[in-house]
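Colleague: Sequence first, then the predicted structure:
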Amino acid sequence: MLDTLSSLLRAYFPAIWLLILMSITLIFFKASLPELKSSKISDKSIHRTLHFSALSSWSFSQFLGSIAFFIFLVVYCFLIFYKQDFANYDNDIFTDYILNGKFYGPPIWPDQGRFFPLGHQEWNLLTIISQSPPLYFALPILQCLIVVILLFFLLKEFSIWLQLSVIFLILTTPSTAYSFFSLTIPERNLIVWLIIFILAFKSYLKSSVHRLEKAVPAMTAPPQSGYTFAFGIVLIATHFALYYKEPVFILLSIFALIRLLFFARRERDLIKQNLSDFIKVHKIEFFILILCFIFVLFYILINLPHRSISYATSRSIDYQTAFLYFVESNPLLSLFLILTISRFIYLFYWRKKGDIFWDSLAIGSIGYFLFYVKIGLINNYFLAPIDLIAILYIIHVFSPILQKSWGKLLLFALGTILVIQNIYETPKIITERFNFINARVQIVQFLQNYSQQRDSDEVNLYFPYTNKQYVLYYFSCFLKYKNRQINDSLSYRLTSPLEFAENNKCVSWNSNHNCFQIKSPNLEDLIIILPEEEIQQTLLSEWQQQENLLFHYRPFPSNSPMHAYIFKKVKS
């Protein structure tokens, strides 16, 4: 019974998800039409919101700062596009599916315990427009520009200098940069939808019947323009964000629960008199919880028959090591945790009233972080949404003291530390991506030229230091993709000391790529050392003495360890 239900939900999930989205859209946007018609939002007010109408009042230094930021943004977007190709891990989405004319299904993998069905689905939509590779690389650039514009809206209360500084800090944060510089990171989409969620929720609070941040739960004032519209946008953003990464439900449900607990404590009399009024007043939090519950229900019903979380267990480390990895590698996270904990101790001890919106979001973010710590999964881009929220939280927490010189000095010091960290770490991510992709491109180009000069139908490739089967799989994906572009008849046999799946499949989940186990290379075999395989100098010297060096990729900058080599086996 459960197996049948799981299969049905997997088969019809896109239709169910779209039905929920259409219901939200029709209900709330139909109800918001009178508000939108009466709002009389003018282009002039939008310009004021973005501060662009006040250009004449800018100082010369602010104007120069804006020009510098524009130049930075142009360079940033150029680097996203520069030397891109489908050579990264997980790019089989493109090489084996999208660019091969196949539909890439929603990532619902109950045998691994994974359920993020919106992941990578934007690429299927782009194929409707075109299958031109540059189109796919343009999407992260477009999303980056959307994020910048949305952040200007979100930070409109601050000076232009602070706006530009905060946006620069967010874009250069290593986790954010990693998300935008890779095509297959769902966190990039999550960042966009979280900013929309925050903007819409803030707009909802501003236009709602009552001021949730004030201590008077009155219900006498009529709703202002945009109330229902903002409500609908919040729910749509929630509905999208939940299905890009599993732990998002923790962040959003904690956010909603903390708010409800706060208001329940503050509005005890209203609950005693009429619970339905309390629910009506705070219905947005209840709707968010309902959407989170629907996500959890989907996850349980689809994954329960398989009872597997092999994706996490095969990659997990102990939670102490995971915690230390995140706090040591991410100063922003460490600062966020210290500031948040200190702030709550201060608010509790002195019985001060905090900012219920940002404080609830901060607690939800900590829950998101602790989820990754608990399951022991680490990666430098997993916490990209939390880094975004952390920066925005710090700015809003410090905003009351920005009028004081010591507050500005403290914020400047913290910002300087984070910028220095970003300037040190983020270029490493960019150059590593460049060398990883460029080395593979040059390796494949060499192999194609080498193959076309031989009479043999097949070239044997031996990978002595590759320690994971999936590395050869992704190399094979890229190699076949590039060969399809020039000559489908080129053939390669990938070999390694590794053991492979049944029927010589490189990986168990794809039967289109074969790899073979051999202990040592044969004469005339090409021996390939990939850029991520840092070979010891003594071993490299042995290869150079015994075999014929045909190819050497020299990385940029020259002190980077990501060299790549191709030797030809000439001695038995």
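Modeller: Looks like it came in fine. Numbering: from 1, shown residues only.
Colleague: nearest spatial neighbour of Pro107, skipping sequence neighbours?
Modeller: Nearest residue to Pro107, sequence neighbours excluded (Cβ to Cβ, 6 or more residues apart in numbering): Gly119, at 4.6 Å. (C-beta placed from N, C-alpha, C; glycine too.)
Colleague: Let me see the ranges of the helices in the stretch 351-500 of the chain.
Modeller: 356-375, 384-398, 405-452, 469-486 (DSSP state H, counting those that start in this stretch).
Colleague: Would you mind finding the most buried of these?
Modeller: Most buried of the helices of the stretch 351-500 of the chain by mean neighbour count (mean count of other Cβ atoms under 10 Å) is helix 384-398; its value is a mean of 23.
Colleague: Check the offset of that one from the chain's centre.
Modeller: Centre-to-centre, helix 384-398 and its host chain are 16 Å apart (Cα atoms, centre = their mean, to the nearest Å).
Colleague: Repeat that for stretch 457-464.
Modeller: So, by Cα atoms, centre = their mean, the centroid of stretch 457-464 is 36 Å from its chain's centroid.
Colleague: what sits up against stretch 416-432?
Modeller: Counting by Cβ atoms under 8 Å, 6 or more residues apart in numbering, stretch 416-432 makes contact with 79, 168-169, 172-174, 177-178, 181, 331-332, 335, 380, 391, 555-557, 560, 562, all of which sit outside it.
Colleague: are any of those residues buried, and which?
Modeller: Using 16 or more other Cβ atoms under 10 Å as the burial test, these include 79, 168-169, 172-174, 177-178, 181, 331-332, 335, 380, 391, 555, 562 as buried.
Colleague: How is Phe516 assigned, secondary-structure-wise?
Modeller: Following DSSP: H, G, I helix; E, B strand; the rest coil, the label given to Phe516 is strand.
Colleague: for it, which residues make a bridge with it?
Modeller: Applying DSSP bridges to Phe516 gives these bridge partners: Thr495.
Colleague: least trustworthy helix or strand in the protein by mean pLDDT?
Modeller: Counting by mean pLDDT, DSSP states H and E, the chain has its least confident helix or strand at helix 43-50, which shows a mean of 43.
Colleague: How about Leu549, nearest residue that isn't a chain neighbour?
Modeller: Excluding the flanking residues, the one nearest Leu549 by Cβ to Cβ, 6+ apart is Phe567, at 5.7 Å.
Colleague: correct me, but that neighbour touches Asp525?
Modeller: No: using Cβ atoms under 8 Å, Phe567 makes no contact with Asp525, being 9.1 Å away.
Colleague: More neighbours: the two, which one.
Modeller: Legend: neighbour count by other Cβ atoms under 10 Å for Phe567 and Asp525, higher for Phe567 (23 against 20).
Colleague: doesn't that one fall inside a helix?
Modeller: No: counting by three-state DSSP, Phe567 is located in no helix; its state is strand.
Colleague: how much space between it and Ile233?
Modeller: For Phe567, the distance to Ile233 equals 58 Å [Cβ to Cβ, to the nearest Å].
Colleague: Name the residues of stretch 65-74 that are buried.
Modeller: Gly65, Ser66, Phe69, Leu73.
Colleague: can you redo the residues you listed as a markdown table with distance to Ser316?
Modeller: Converted to a markdown table, the buried residues of stretch 65-74 look like this (distance: Cβ to Cβ, whole Å):
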| residue | distance to Ser316 |
| --- | --- |
| Gly65 | 45 |
| Ser66 | 45 |
| Phe69 | 40 |
| Leu73 | 38 |
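Colleague: beta partners for the closest residue to Asp457 other than its chain neighbours?
Modeller: The shortest distance from Asp457 to any non-neighbouring residue, by Cβ to Cβ, 6+ apart, is to Ser491 (5.7 Å). Applying DSSP bridges to Ser491 yields these beta-bridge partners: Glu458.
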